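Q: sequence below, structure please.
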Amino acid sequence: MWNRAILHADINYCYAQIEEVRNSKLAKVPMAVGGHEESRHGIILAKNDLAKKYRIKTGESLRDAYKKCPHLTIIHPDYDLYLLISEQVKDIYRRYSDKVEPFGLDEAWIDVTHSQTLFGDPIEIARRIRMEVYRELGLTISMGISFNKVFAKIASDMDKHHGIAVITSENYQERLWCLPIEAMFYVGRATAVKLRARGIGTIRQLANTPKLYLKSFLGKPGEWIWEFANGLDDSEVANSQQLPMIKSVGNSITAIHDLETLEELKMVFRVLSESVAARLRQLNKKGSVVSIYLRTNEFDRCSRQIKSDYLIDTSDAIMECVERLLQAHLSLKSDGTFEEVYRSVGVAVSKLQKDEHKIQLSLFENENRTMHNRDLEETIEKIREKYGSDKIKRCIMIKDEKLTGFDPKNDHVIHPVGFFGYSDSSHKTG
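A: Numbering: from 1, shown residues only. Here you go, the predicted model:
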């Protein structure tokens with residue numbers, strides 16, 4: 001019997017596989033789930049095995065995918081269906097443990113340490129779960145088994161064909177340390193570049209590098225990945241009934257056309273800010289830090305944040321912070337356009353606190369105006385909920401209705417939450 005047994009379950013090419021179950025003909029052609037190229041939300045979200053043979057990659061543009069496979073079938077995403085099926089899959093996981101922690105829509109950790117006396121060893125439990133998911137829902141899943149969450153997740157990616165991979169405290173150095181650093185959880189592209197520049201190219205080299213040295217150029221994440229590589233993750237799998245704490249609320253969008261002027265950027269940020277403010281009030285939260293995210297056509301990214309003088313939950317207050325950030329950090333040419341155009345933008349509010357329905361006084365803010373703005377925005381939101389998001393708009397939105405004609409509050413993509421916490425963040429893909 002394992003002293004600690006953690007499973008990581010991953011629905012294989014989730015969106016695409018669900019579409020194949022819905023329409024079996026799609027399994028016989030190269031197919032991918034993707035956005036709308038005409039509205040520039042045109043990237044590959046998931047692809048089936050036949051599409052993989054053409055080297056179609058998740059995250060690449062539809063245009064590039066069509067170059068590789070001109071007869072590629074694109075299915076537009078049906079998020080409501082994916083959420084429904086995902087919950088049905090997790091219901092099967094919950095038959096074997098009350099500790100099931102989602103990681104995005106298609107992944108979850110399952111702690112079966114105390115389930116072994118009822119259902120057998122972790123390998124047997126994993127086999128039973130895979131069989132039941134396939135028999136009841138027609139879906140295949142990959143399972144990783146280990147003594148901690150990080151190794152279980154890495155294991156679930158190691159053997160997609162046979163479906164189950166095991167990493168133990170006795171074999172993890174043999175199985176994992178030979179892998180490139182990119183295989184380590186929480187080592188993204190930028191981190192990998194920094195590590196490789198210092199001669200650290202494998203997980204073995206990462207594990208044997210002094211932790212303080214990693215921290216010196218990676219900060220706190222350097223300590224985390226050193227601990228991960230050495231098998232020192234002791235984080236618990238959350239109980240199914242425990243909702244993780246929401247740390248931020250945000251929305252982002254790939255605009256329908258390049259954003260070349262400050263006015264265009266403000267229009268998009270206004271729509272996003274209204275959505276974030278409405279969701280904050282829905283959650284009965286206020287925040288004190290506003291962050292903006294910008295991505296150019298060259299896919300260069302930058303983010304900036306500012307602390308508000310008071311707790312906020314209205315779009316006007318969020319936009320005031322956004323405009324201060326834009327003014328401080330964006331440079332304009334003499335003709336009023338940006339030095340480089342922007343493709344995608346986002347805004348988030350963090351450092352959240354429960355709304356006690358009190359107005360925090362400020363030397364620089366009129367509390368009557370704050371209360372008025374909040375009442376006005378709540379009224380607007382009620383109208384939109386009843387009659388549709390396009391039925392009442394600010395005048396600035398009418399200047400470019402194609403640019404501002406999106407509803408970030410309701411059009412969203414579910415993506416993984418952070419390993420160390422939870423953020424209520426949604427975006428339209430681009």
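
Q: please make it C-alpha for all contacts and neighbour counts, starting now.
A: Fine.

Q: what's next to stretch 17-32, contact-wise?
A: For stretch 17-32, the surrounding residues in contact (C-alpha atoms under 8 Å, 6 or more residues apart in numbering) are 16, 44-52, 71-75, 82, 85, 138-139.

Q: inside helices: which ones of those residues?
A: Judged by DSSP state H, helices contain the following of those: 16, 49-52, 82, 85.

Q: strands of the stretch 1-150 of the chain, start to end?
A: 6-11, 31-34, 44-47, 73-75, 100-102, 107-111, 141-146 (DSSP state E, counting those that start in this stretch).

Q: mind putting the ones you listed into TSV with mean neighbour count?
A: Below are these laid out as TSV (neighbours: other C-alpha atoms under 10 Å):
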stretch	mean neighbour count
strand 6-11	28
strand 31-34	28
strand 44-47	25
strand 73-75	19
strand 100-102	23
strand 107-111	26
strand 141-146	28
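
Q: got TSV for the ones you listed, with distance to Glu174 and mean pLDDT too?
A: Converted to TSV, those look like this (distance: least, C-alpha to C-alpha, whole Å; pLDDT from 0 to 100):
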stretch	distance to Glu174	mean pLDDT
strand 6-11	19	97
strand 31-34	36	94
strand 44-47	31	92
strand 73-75	41	95
strand 100-102	28	93
strand 107-111	23	96
strand 141-146	14	96
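
Q: out of these, which comes closest to Asn284?
A: Of all the strands of the stretch 1-150 of the chain, strand 100-102 sits nearest to Asn284, with 23.4 Å by C-alpha to C-alpha.

Q: dig out what Met47 forms beta bridges with.
A: No, residue 47 isn't Met; it's Lys. Note on Lys47: beta-bridge partners by DSSP bridges are Ala32.

Q: so who does it touch?
A: 13, 15-16, 30-33, 56-58.

Q: kindly report the same for Tyr96.
A: Counting by C-alpha under 8 Å, 6+ apart, Tyr96 has contacts 112, 115, 119, 125.

Q: the third one against Ile125, yeah?
A: Spelled out, that is Phe119. Yes: proximity of Phe119 to Ile125 meets the contact threshold set by C-alpha atoms under 8 Å, at 6.2 Å.

Q: so for those two, which sits in the more crowded spot?
A: Ile125 (19 against 13; other C-alpha atoms under 10 Å).

Q: give me the distance between that one and Ile380.
A: Separation of Ile125 from Ile380 (C-alpha to C-alpha, to the nearest Å) stands at 51 Å.

Q: over to Tyr13?
A: Tyr13 is 39 Å from Ile380, by C-alpha to C-alpha.

Q: one more: Arg304?
A: 29 Å.

Q: host element of Asp335?
A: Asp335 is part of no helix or strand, with elements assigned from DSSP states H and E.

Q: any idea how far it is from His329?
A: The gap separating Asp335 from His329 is 18 Å, by C-alpha to C-alpha.

Q: that older thread, between the ones in helices among the contacts of stretch 17-32, which sits nearest Gln282?
A: Tyr82 (23.6 Å).

Q: that closest one contacts Tyr13, correct?
A: No: judged on C-alpha under 8 Å, Tyr82 makes no contact with Tyr13 at a distance of 11.7 Å.

Q: returning to that earlier point: and the ones in helices among the contacts of stretch 17-32, which of them are buried?
A: Buried members of those, scored by 16 or more other C-alpha atoms under 10 Å, are 16, 49-51, 82, 85.

Q: within the sheet, what are the partner strands of the longest strand along the chain, with directions?
A: Longest strand in the chain by number of residues (criterion: DSSP state E): strand 246-261. Applying DSSP bridges to the sheet, strand 246-261 is found paired with strand 337-350 (antiparallel), strand 422-427 (parallel).

Q: pLDDT of the shortest one, averaged?
A: So that's strand 422-427. Averaging pLDDT along strand 422-427 yields 50.

Q: also the first one?
A: The average pLDDT for strand 337-350 rounds to 86.

Q: and the next helix or strand past it?
A: By DSSP H and E, the next helix or strand past strand 337-350 is strand 353-354.

Q: from Lys354, how far out is Arg281?
A: 10 Å.

Q: with neighbour numbers in mind, choose between these two.
A: Of the pair Arg281 and Lys354, Arg281 is the one with more neighbours under other C-alpha under 10 Å, namely 17 against 12.

Q: how near is that one to Ser248?
A: If you go by C-alpha to C-alpha, the gap between Arg281 and Ser248 works out to 13 Å.

Q: hmm, which helix or strand of the protein has the shakiest average pLDDT?
A: Least confident helix or strand of the chain, by mean pLDDT, DSSP states H and E, is strand 422-427 with a mean of 50.

Q: may I see the domains of this structure written out as residue ranges?
A: As given by automatic domain parsing, the domain ranges for the chain are 1-168, 177-242, 246-427.

Q: which one of those domains is the most hemmed in?
A: Here the criterion is mean neighbour count by mean count of other C-alpha atoms under 10 Å, and of the domains of the chain the winner is domain 1-168, at a mean of 19.

Q: span of that domain from start to end?
A: 12 Å.
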